[in-house]
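Engineer: Build me a model:
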Amino acid sequence: MVDELPPMSLKAIGIVRNGVKQPSRRDWTEVVSEVVINPDLAEALDGLDEFSHIIVLYWMHQLPAGKRLSLKVHPMGKSELPLVGRFATRSPSRPNPVGKAIVRLLERRGNILKVKGLDALDGTPVIDIKPYIPGYDSATDAKAPPWITNQ
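Structural biologist: Take a look at the predicted model:
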């Protein structure tokens, strides 16, 4: 049993702006979005434009709470794949619907980051931004189960 977990509080630092209004299984690699950061935090972006890629953490706010309950799923909704625990997938249905994307940073204009490849809907709250650091943010000895690598 887990001891009492500490309370948490998250605050959006910005919002995603793009033309994608509905969830879908689309190829997000070419989607260009603007991450509009709270103007009070604009100075926190200084130096970020020296990186080619950034990590965007966001809250998948349109996911109905009832979709977060199942602990076991078939990856990508494919019944031919093994039934695995929710945390062994990248499914958006999670106890805390936190999304993470590594995206190309195209430009910074004040408090606005123009990015490519962000898989978030228009209006999605952004909860953090981090620089992507080559070598540090990639594991050279990583492995994955066959049902992932044989797709």
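Engineer: Point out where the chain drops to low pLDDT.
Structural biologist: Residues of the chain meeting the criterion pLDDT under 70: 1, 24-26, 64-69, 151.
Engineer: 90 - rerun?
Structural biologist: 1-5, 7, 19-31, 60-79, 86, 89-97, 135-151 (pLDDT under 90).
Engineer: how about the closest residue to K11 other than its chain neighbours, what does it touch?
Structural biologist: Of all residues not flanking K11 in the chain, I127 sits nearest, at 7.7 Å (C-beta to C-beta, 6 or more residues apart in numbering). (Each C-beta comes from the backbone N, C-alpha and C, glycine too.) For I127, the contacting residues are 10-13, 57-59, 98, by C-beta atoms under 8 Å, 6 or more residues apart in numbering.
Engineer: Quick check: I127 vs K72, distance?
Structural biologist: 27 Å (C-beta to C-beta, to the nearest Å).
Engineer: all helices of this structure, in order?
Structural biologist: 146-149 (DSSP state H).
Engineer: Please enumerate the strands of it.
Structural biologist: With DSSP state E as the criterion, the chain has strands at 14-17, 32-37, 53-59, 72-73, 84-85, 98-109, 112-116, 125-131.
Engineer: residues making contact with the fifth one?
Structural biologist: Right, strand 84-85. Strand 84-85 is contacted from outside by 71-75, using C-beta under 8 Å, 6+ apart.
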